[in-house]
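Participant: Here is my input; please provide its structure:
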Amino acid sequence: MFTIIVGLICGLLFGSGMIISGMVDPAKVTAFLNISGDWDPSLMFVMGGALAVFTPIYHLVIKKRGRALNGEKFSWASNTQVDGTLIAGAAVFGIGWGLAGFCPGPVMASLGGGSLTIFIFLASMLTGTAAARHYLRGAFPLPFLGRYKSSSSA
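Facilitator: This next block holds a predicted model:
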């Protein structure tokens with residue numbers, strides 16, 4: 001129950017921050033990403049503020065602990081290699097973010113608004129996630145991205 005309550009509080013804080021900062025507004029996001037046109041730097045301050053709060057907490061509290069508040073052990077990513085799959089995934093994410101003005105966090109915070117655009121984006125995002133999982137399992141190759149090699153086939 002403690003884990004659920006902590007998750008709920010964190011989700012509410014995150015969603016509220018996304019809404020208050022304007023990060024759920026696709027027009028604001030695309031204006032931030034448009035550095036060669038009518039650039040809106042305000043989201044840079046949102047991200048800078050988030051880093052200003054998180055960075056000291058990470059280094060002074062989280063990094064020193066072996067376990068979360070609920071007692072679960074922290075698990076860090078084991079694959080830290082920068083490869084074609086990582087770069088291609090980051091590029092696809094960035095292109096989608098730039099074209100639509102949405103990314104997963106703000107979309108989840110916007111679901112309560114009932115916008116059809118948000119639901120269409122969410123369906124597209126879930127479809128893309130399913131396709132990526134098939135690709136990562138080797139279910140279909142994408143020659144222009146290189147074939148993903150799982151650890152079992154190496």
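
Participant: Kindly tell me how buried Gly48 is, as a neighbour count.
Facilitator: Gly48: 10 surrounding residues under other Cβ atoms under 10 Å. From N, CA and C alone the C-beta is placed, and that goes for glycine too.

Participant: Can you name the next helix or strand after the helix or strand hosting it?
Facilitator: Using DSSP states H and E, Gly48 sits in helix 42-57. Beyond helix 42-57 in the direction of the C-terminus, DSSP H and E gives the next helix or strand as helix 84-100.

Participant: Give me the most central residue, the protein.
Facilitator: Nearest to the mean C-alpha position of the chain, counting by Cα atoms, centre = their mean, stands Pro104 at 5.5 Å.

Participant: so what's the nearest residue to that one once chain neighbours are set aside scoring on pLDDT?
Facilitator: Residue nearest to Pro104 in three dimensions, not counting chain neighbours: Met125, with 6.4 Å by Cβ to Cβ, 6 or more residues apart in numbering. With respect to pLDDT, Met125 scores 86.

Participant: Next: Ser110.
Facilitator: Looking at Ser110, its pLDDT reads 81.

Participant: dump the residue contacts of it.
Facilitator: By Cβ atoms under 8 Å, 6 or more residues apart in numbering, the residues touching Ser110 are Met18, Ile19, Val24, Ile118.

Participant: export the residues you listed to JSON lines and tack on pLDDT, secondary structure and neighbour count?
Facilitator: Below are the contacts of Ser110 laid out as JSON lines (pLDDT from 0 to 100; DSSP: H, G, I helix; E, B strand; the rest coil; neighbours: other Cβ atoms under 10 Å):
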{"residue": "Met18", "pLDDT": "83", "secondary structure": "helix", "neighbour count": "20"}
{"residue": "Ile19", "pLDDT": "86", "secondary structure": "helix", "neighbour count": "16"}
{"residue": "Val24", "pLDDT": "83", "secondary structure": "coil", "neighbour count": "23"}
{"residue": "Ile118", "pLDDT": "85", "secondary structure": "helix", "neighbour count": "20"}
